[in-house]
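Visitor: my questions concern the predicted model and sequence given below.
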Amino acid sequence: MIKLYLQFRLKSLLRLCKEVGIFACTILLFIIFILIGITTNAPRYYTVLLFGAMVLSWHFSRSDTIFLNTLFGKKYIYIYHVEYFILSVPFIFILLSKSSWIGIIAVLLLSTIVPFLVRKTFSFPLPTFPFLIEGSYKYQRLGRMLLPFYIIILVISSIAVYVHNINLVFITTLITTATIGMSLCIQVNPQYIFNYKSSIFFLKLKCKHAFVNAGVMLAPMILYLWLVNVSWGQLYLCILSYIVISLFFIQLEFLRFIFGNNDLTIFIAFSILLCLLTVSIMLPIFSLLSLLLTILFSYKVLLFLKKYIS
């Protein structure tokens, strides 16, 4: 039975990697490592809160309870214990390095108690992310998918503002931007471009979606950036962040048209653009390079689209 369970877990992991793609899996792992890394220099309760959010999200979104119950009977709870204890290992090491014995006990208690929490099935649709521009289906879909993650990030950012940790606010803003951007890099179905009346209209619509939706989805983060250090200089940084993030979303929308469906090339391009975004916020002069790159991408996409639509 244990062998069957391990084979099931391995096949599930391989199926997930195949469906999501190597590019998305790599970025997700990168974001998880950043989130865990944040807790190394953050207050101890950050580590416990992050672990609690992760283990509760995993527990209440599981769909393998019936399978495990059929395989192991009521002993499937022990499987949950093992998996949650494995998840807790990096958090325990972080807390151990801080000599936070209370934090370690809290993490172990969560790993022990969460498997016994009753999981009920709720039949209601996922809420739509509010105020997104109508017709921006990519943003609306990822808004529904990322809403739980987004709420966790907002909580972390709120705590960072409370303790006046501007670096943590900046990092959570970048993580949110990278996660949204990753979802914009999905493979393009060539058929859908025929729904647009012209290539110019397509470019204008994508730019409109990027600027409006970036303003909606990143508004709390940008507000936190200003609240953590209220000043005219910080307000300028917030406005600049909004502009370069919007340009970043436009660039990512166009990547598939320029580089096709090569995941490795897309991953390299995504990493370079994310680095450029970070540098552009810290050194505003580089925002001009981001603008020029957006114009270049727009021109290449325009040439591509003219093969299909006027």
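Guide: Received it, and whenever you're ready, just let me know what you need.

Visitor: in the helix or strand encompassing residue 247, what counts as buried?
Guide: Per DSSP states H and E: residue 247 is located in helix 232-259. For helix 232-259, the buried set under the neighbour-count rule, 16 or more other Cβ atoms under 10 Å, comprises 237-238, 241-259. For glycine as for every other residue, the C-beta is placed from the backbone atoms N, C-alpha and C.

Visitor: show me what that helix is packed up against.
Guide: On a contact count with 3 or more Cβ pairs under 8 Å, 6 or more residues apart in numbering; DSSP states H and E, helix 232-259 meets helix 166-184, helix 199-217, helix 219-227, helix 263-282, helix 287-305.

Visitor: where does the prediction get shaky in the stretch 1-150 of the chain?
Guide: Along the stretch 1-150 of the chain, segments meeting pLDDT under 70 span 1-6, 8-9, 12-42, 118-128, 135.

Visitor: mind listing the strands for the stretch 51-200 of the chain?
Guide: Using DSSP state E, counting those that start in this stretch, no strands are assigned anywhere in the stretch 51-200 of the chain.

Visitor: any idea of the mean pLDDT for stretch 203-216?
Guide: For stretch 203-216, the mean pLDDT works out to 91.

Visitor: where's the residue nearest the centre of the chain relative to residue 113, distance?
Guide: Central residue check for the chain by Cα atoms, centre = their mean: the C-alpha nearest the mean position is that of residue 179, 2.7 Å away. Noted for residue 179: a distance of 29 Å to residue 113, by Cβ to Cβ, to the nearest Å.

Visitor: re the thing from before, tell me the most buried of the helices and strands packed on helix 232-259?
Guide: Mean neighbour count (mean count of other Cβ atoms under 10 Å) peaks for helix 166-184 among those, with a mean of 21.

Visitor: quick one: buried residues of stretch 58-76?
Guide: 59, 68, 71, 76.

Visitor: apart from its neighbours in sequence, what residue is nearest the last one?
Guide: To tie it back to what came earlier, the one meant is residue 76. Sequence neighbours aside, residue 68 is the residue nearest to residue 76 in space, at 3.7 Å (criterion: Cβ to Cβ, 6 or more residues apart in numbering).

Visitor: wait, that neighbour sits on residue 78?
Guide: No. The criterion here is Cβ atoms under 8 Å, and residue 68 misses it with residue 78 at 9.9 Å.

Visitor: what is the nearest of the buried residues of stretch 58-76 to residue 274?
Guide: Taking Cβ to Cβ as the measure, residue 274 sits nearest to residue 59 out of those, at 31.1 Å.

Visitor: apart from its neighbours in sequence, what residue is nearest the closest one?
Guide: Closest residue to residue 59 apart from its sequence neighbours, by Cβ to Cβ, 6+ apart: residue 114 at 5.2 Å.

Visitor: again, but for residue 214
Guide: Leaving aside its sequence neighbours, residue 214 sits nearest to residue 246 (Cβ to Cβ, 6+ apart; 4.3 Å).
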